Structures are given as structure tokens and as C-alpha cells.
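Undergrad: Here is my input, please return the structure:
(one chain, ligands or ions: 2)
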Amino acid sequence: MALMTGEQYIESLRKLNTKVYMFGEKVDNWVDHPIIRPSINSVAMTYDLAQMPEYQDLMLADSNILPGKKVNRFTHLHQSTDDLIKKVKMQRLLGQKTASCFQRCVGMDAFNAVYSTTYEIDEAHGTDYHKRFIEFLKMVQENDYTVDGAMTDPKGDRGLAPHAQADPDLFLHIVEYREDGIVVRGAKAHQTGSINSHWHIIMPTIAMKEEDKDYAVAFAVPSDAEGLFMIYGRQSCDWRKMLDGNNSIDVGNKQFGGQEALVVFDDVFVPNEYVFMAGEYDFAGMLVERFAGYHRQSYGGCKTGVGDVLIGAAALAAEYNGAAKASHVKDKLIEMVHLNETMYSCGIACSCQGSQTKSGNYEIDYMLANVCKQNVTRFPYEITRLAEDIAGGLMVTMPAEIDFVSKTKVDTKAGMSIGEWTTKYFKGVNAVSTENRQRILRLIENMCLGTAAVGYRTESLHGAGSPQAQRIMISRQANMPAKISLAKIIAGIKE
Ligand code: SF4
Ligand code: FE
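TA: Residues are numbered from 1 along each chain as shown. Ligands and ions are numbered 1, 2, ... in the order given. A predicted model of the protein is given here:
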């Protein structure tokens, strides 16, 4: 099969029997549901851009497992530091085109982490996971599938190991070892892009000890497997997506969005060919670190692309307010750019400093990738603060779009309609329509406080690991004794 177009991708989802629940009900036609569809459109963009010659240098790559074949970079195993750099640039591009989380990166990051980790598990344990994984990935590349990379378990009591939880299912685990495969039970929470994916790759969420052997499990599973279902996560202002016609401006970003869901495995059978770890607890930590490392690099791309849109929106709001020439506004925009480019620099830097794994693909520099993500836990918050500062309070006090078009007369001397009053009093500079002012303020609201804020703010904090997870990695990589010895030499201390 060739590379899919966005439309073909959307049609391919209709063929799946993915079980989706939302607002207490099963959603049968989830592909066309107005709350879910924008997140599907974001993933479709990863297919559409790959069809456009001007983006193919970033969007396509030469497969190392299907020689001679060009594949979508979202299914590619990085073969060089140049591939790692292009990955970040591709993510920035997608962020610019969707102003949202476009979800397909979790699969790409899982492919690269599972590929190198299975190689090393096989080396240590004599298993054949790596070969199985290559066969699986060939199928993904040939069909241009979207795959969810699922790591985060619900985790229950954070102070207890997986096996010690009151409810053993709070971490996903193997409940039965069979000749032909394994049966798994548990769930993965906050799963970005899970409903939109053709397949899922499941990975353990923390380093484990022998008592947690049954929890050290990695495998691939089709999204519509027997026993697997998903419960859609709600987002701030999500019901606005149900609006249409005279209210669609209120959505802010009508076309694109992100999605997260709880993915539940109620005794799902996984055939051996899709099992990539089953009990090798000594490698759970390696897989977690590698996946997290790649995803921390990813944020140096995607969040900066989304940041580009927000900075542009703030600059436009300043123009519409007649404040673009004010020196403090110019300075705030410069600060936003500076913060945005700092995150991007970290994404590029950890890619440039990448290195080859034993299996042959490339991984990022872990120190720099963790510094990247640590910055991302902070800078988008400051960028949104500055965007709200520049936009002004109207961003959250403006009446609904319907109040701008309502013909209902207000009973006063002027005899004007509600729409005429709002249009008159919410005008900024005279040359700009009140509608355009509404549009840009609603977009800023969407990105700072609405559905897109899930991806731009809170996900910046917790996605790819909460801030403390990066601080642990930074302290591990810091090599403090070497720094101390540098200081001793310069200070002339001889101990
Ligand atoms: Fe991709 Fe960013 Fe969404 Fe992660 S948060 S899936 S890196 S767009
Ligand atoms: Fe994420």
C-alpha cells in the first residue's frame, strides 16, 4: 500500500470497530462526532503534508527496514542525527498548521524506543522480540498506520509498587501466559491520539523489580481488539465544538484539536508475534527512559510550532487593538519569541548531539532532551500569560458570537439590534471588522484556556513526564564529581 492521504486515513478509521465511550454513552460514529473530529483532522494533517512536495524532505524518510521505500517520518526509525533534527522540524511544522497536539508522535517515539530496547533484551535474554518488532513495524510502514504509544498507567497509590497496589489492575499486567501468547489486564490513562490510531504499542510506565515481573510487558495490539475500549477525556470548553453556524467563531479553532482517553484492557489476548517484552523486568526502566527521552525531544518541536501560532495571534490582537506600536507590547512579543526559540534550540541541540544505539537507530542526548522538556514545563505558561496580557480582558468577557449577529431589537431610543450594539462597542481600530477581532480573541482563548490549552499548557507540564521526572534525569546526567574536580583545579585545592 502507498502512503495515505488525509482523507484515506479518515476513511480507514471507519473500517475499525474501535469501542469509544463519552458522556456516559457508547459513540458509534466517533469519526464524525464534532468533539472528536478536530483531533482526527490534526492527525490527517500528518498525511496531507506528506503528499505535498514542498514538505516531503521533512515528512518522508528512507526506510531502513523496507529498502528502497519512502515512508512517512512518523513511522520511521531515525538513522542519523539529521533524521533526529528533521523530526523536530517536522513537529514544529505540524504545530504551526494545527495549533494543536497532532498526536502521531507518540507512536514514532515508541517505535524508536522499542526497536533499540528489544535488541538489548534479546542480547541479554536470548529472546526474539527484536525480529518480531521489525515485522510489526514493516506492516505499519507498508500500510502507513497511525500507532498510539501508550505508557502511563493509572498508578493508584504513588507510594506503592505495581504488585503492592490494593487493586492489582492499577498497572497493566499479564494475567495469563499461554503457548500462543499472553492475556493482559489493566489500563493506560491520558492516552494522546488513542482513538484515532489503527494500532497501539503498550509499554511499562516505570522501572521494575522482580516482584513486578508480570507488569514488565510491552506489545502491539489493534485498536479494536476484543476486550479493549476507550473512554474519552473531556477538555475545557469542549461543548463549544458542538456549536455550528452562527456560533462557530466561539470555538476558536474549529478545525483542529487534540484528544486523550482512558484505554482499558479487560483481558485482552495478544498473540506472541506482537509481544515485545513479557517479564524482562530488568529492561522496563530502559524502555521508559528511551521513550520519555524521545518524547521530551518532541516537545521542542510541537510546542514551538503551536507557540508560533499563539505569538502571531497576540501580535494580530495588538494590531486590532491599536496597541502594536507600544514599546511594552513589542517587548512582550520579543520575550515570547525568545522563550519559544529557546525551547526549539533545546529540541535541535539534543538531536544534534544524538548517538547510535546498539541496534543501529539513533537516540537523543538525554541531558539536553530533559533540559528541553524542563523548559517546556515553564515557558508555554509564560507565553500564554503574555498573550493574555496583550489580548486584553475582552478575550474572556466577550459575548457569544450569536450576540454579534442577533437581529433582536433592544427596546431603547436608538432601536438597534443586539448584534448592532455588540458590533458597535467591540470595534477596535476602525479599519478592522469586529468579526476579525472576535476571531483572533477566541483563538487566543482556545489556546490559553480552552480545548487547545490541554495540549499547550497542562500537557507541557505533565506530558512526557512531570517536571520532577526530568529533574531526576538531569541530576543523573549532571556528573557532579567532574564539576567539583574542575572547581578544585582552578581554586588550587589539593585534597
Ligand atoms: Fe506530538 Fe506534541 Fe502531541 Fe506529544 S504533545 S503527541 S509530541 S504533538
Ligand atoms: Fe504529549
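Undergrad: Now do the least confident helix or strand in the chain by mean pLDDT: everything it contacts.
TA: Between all helices and strands in the chain, the lowest mean by mean pLDDT, DSSP states H and E belongs to helix 451-453, at a mean of 92. Helix 451-453 is contacted from outside by 38, 99-100, 235-238, 240-241, 252-253, 257-258, 306, 384, 446-447, using C-beta atoms under 8 Å, 6 or more residues apart in numbering. Heads up, the C-betas are built off the backbone N, CA and C, glycines and all.
Undergrad: likewise stretch 6-17?
TA: By C-beta under 8 Å, 6+ apart, stretch 6-17 touches 4, 31, 40-41, 43-45, 47-48, 144, 146, 196, 198, 222-224.
Undergrad: coming back round to it: residues of the least confident helix or strand of the chain that come out buried?
TA: 451-453 (16 or more other C-beta atoms under 10 Å).
Undergrad: go on, stretch 350-367?
TA: So, applying 16+ other C-beta under 10 Å, buried residues of stretch 350-367: 350-351, 354, 357, 359, 361-367.
Undergrad: from these, which ones fall inside helices?
TA: Taking DSSP state H as the definition of helices, the buried residues of stretch 350-367 contribute 350-351, 366-367.
Undergrad: Can you show me the strands along the stretch 1-150 of the chain?
TA: Counting by DSSP state E, counting those that start in this stretch, the stretch 1-150 of the chain has strands at residues 20-22, 25-26, 60-62, 70-72, 147-150.
Undergrad: Partner strands of the longest one and their direction?
TA: So the one you mean is strand 147-150. Here strand 147-150 has these sheet partners by DSSP bridges: strand 199-202 (parallel).
Undergrad: who's in contact with the strand it pairs with?
TA: Taking C-beta under 8 Å, 6+ apart as the rule, strand 199-202 contacts 107, 110-111, 114, 140, 145-150, 172, 184, 188, 194, 217-223, 228, 263, 265, 276.
Undergrad: can you tell if it touches ligand 1?
TA: No. Strand 199-202 is not in contact with ligand 1 by C-beta under 6 Å from any ligand atom; minimum separation 13.5 Å.
Undergrad: Measure how far that strand is from the centre of its chain, please.
TA: In terms of C-alpha atoms, centre = their mean, to the nearest Å, the centre of strand 199-202 is set 15 Å apart from its chain centre.
Undergrad: Distance from the least confident helix or strand of the chain to the middle of the chain?
TA: Distance of helix 451-453 from the chain centroid (C-alpha atoms, centre = their mean) equals 12 Å.
Undergrad: Who are the packing partners of the helix or strand just after it?
TA: The first helix or strand that comes after helix 451-453 along the chain, using DSSP states H and E, is helix 459-462. When contacts are defined as 3 or more C-beta pairs under 8 Å, 6 or more residues apart in numbering; DSSP states H and E, helix 459-462 sits against helix 379-391.
Undergrad: So which bits of the stretch 51-200 of the chain are right by ligand 1?
TA: So the stretch 51-200 of the chain meets ligand 1 at 101-103, 105-106, 192 (C-beta under 6 Å from any ligand atom).
Undergrad: Determine which two of those are furthest apart.
TA: Maximum pairwise distance in those, criterion C-beta to C-beta, is 10.5 Å, between F102 and V106.
Undergrad: when you scan the longest helix anywhere in the chain, is anything in it near ligand 1?
TA: Secondary structure assigned by DSSP H gives helix 284-321 as the longest helix of the chain. Yes. Remark: helix 284-321 sits within contact range of ligand 1 at 298-299, 302, by C-beta under 6 Å from any ligand atom.
Undergrad: got those residues as TSV, with neighbour count columns?
TA: Shown next, in TSV, are the residues of helix 284-321 next to ligand 1 (neighbours: other C-beta atoms under 10 Å):
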residue	neighbour count
S298	25
Y299	26
C302	32
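Undergrad: Make TSV out of the residues you listed and add distance to D331 and pLDDT.
TA: Formatted as TSV, the residues of helix 284-321 next to ligand 1 follow (distance: C-beta to C-beta, whole Å; pLDDT from 0 to 100):
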residue	distance to D331	pLDDT
S298	30	98
Y299	26	98
C302	26	98
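Undergrad: Export those residues to a markdown table and append columns for distance to L441.
TA: What follows is the residues of helix 284-321 next to ligand 1, written out as a markdown table (distance: C-beta to C-beta, whole Å):
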| residue | distance to L441 |
| --- | --- |
| S298 | 30 |
| Y299 | 27 |
| C302 | 24 |
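Undergrad: can you name the farthest residue from the center of the protein?
TA: Distance from the centre of the chain peaks at K413, with 53.7 Å (C-alpha atoms, centre = their mean).
Undergrad: give me phi/psi at it?
TA: Backbone torsions for K413, taken as degrees, to the nearest 10, come to phi -60, psi -40.
Undergrad: Quick check: pLDDT value at it.
TA: Looking at K413, its pLDDT reads 97.
Undergrad: Now do the strands in the stretch 201-350 of the chain.
TA: So, for the stretch 201-350 of the chain - with DSSP E, counting those that start in this stretch - the strands run 217-222, 228-232, 260-271, 275-278.
Undergrad: Would you mind putting those into CSV with mean pLDDT alongside?
TA: CSV is the format used below for those (pLDDT from 0 to 100):
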stretch, mean pLDDT
strand 217-222, 98
strand 228-232, 98
strand 260-271, 98
strand 275-278, 98
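Undergrad: Out of those, which is closest to ligand 1?
TA: Among the strands of the stretch 201-350 of the chain, strand 260-271 comes nearest to ligand 1, with 9.7 Å by C-beta to the nearest ligand atom.
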